[in-house]
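>>> sequence plus predicted model, see below.
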Amino acid sequence: MTPSSAPSSSFLLPTAAGALLARLPAYPGSLLLVAALNLGLAPQLPSDVRQQLARKRLRIQVRDARLTFDFTWTGQRFAASAAQQAADLTISASAHDFLRLAQRQEDPDTLFFSRRLAMEGDTELGLMVKNTLDALELPVLDLQQLKPPRLLARIAEWRATAARPVGKQP
């Protein structure tokens, strides 16, 4: 698909849904986001990236959902923070575009040049974050794995494995 034939916008949440989501407190959402980042991303960050991220204020804005997630890198892990006046780097897109990025169905450059993904603030930090994410082998978000039956089966398997005595095989 050429840039001229690319859609000018992706699916957007209905305005009423965004208005409802905007009423939710931001901090619990930031806690959930950093938990996911600490599980999937933090262990893979190279030491030079960890140093460059230290004490940087980061923000993810989901435009159509009217949600904002503020967090920092402590040097060891991502940590949620209360709403900040200014962030060193803000990355914003629609919920659908963030989902497509996580599922590797969309390229960040394509979204950026079609003005569906925006980075504001420290340009050097933004390029470092983008290049780092491009270089890492991150799992593709598979929403099928989050369906209740599959999720419950994975939890049961994990519990059974955790309950086995050390050295015992199934």
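Received, thanks.
>>> ok, the closest residue to Gly18 other than its chain neighbours - contacts?
Leaving aside its sequence neighbours, Gly18 sits nearest to Arg66 (Cβ to Cβ, 6 or more residues apart in numbering; 4.5 Å). Bear in mind the C-beta positions are built from the backbone N, C-alpha and C, glycine included. By Cβ atoms under 8 Å, 6 or more residues apart in numbering, the contact set of Arg66 is 18-19, 21-22.
>>> of all these, which two lie farthest apart?
Ala19 and Leu21 (7.5 Å; Cβ to Cβ).
>>> so where do the helices sit in the protein?
15-21, 26-40, 47-53, 95-102, 108-113, 123-135, 148-163 (DSSP state H).
>>> any idea which of these is most buried?
Highest mean neighbour count among these (mean count of other Cβ atoms under 10 Å): helix 95-102, with a mean of 19.
>>> got the angle for that helix vs helix 123-135?
60 degrees (axes from the mean of the first three to the mean of the last three Cα atoms, to 10 degrees).
>>> tell me which strands and helices helix 95-102 is in contact with?
Where contact means 3 or more Cβ pairs under 8 Å, 6 or more residues apart in numbering; DSSP states H and E, helix 95-102 is packed against strand 57-62, helix 108-113.
>>> what's the separation between the residue nearest to Gly18 and Gly29?
Look at Arg66 and Gly29: by Cβ to Cβ, to the nearest Å, they are 11 Å apart.
>>> pLDDT of stretch 14-25, averaged?
Mean pLDDT, stretch 14-25: 76.
>>> tell me which of the helices and strands packed on helix 95-102 lies nearest to Leu101.
Across the helices and strands packed on helix 95-102, closest to Leu101 is helix 108-113 (Cβ to Cβ), at 6.3 Å.
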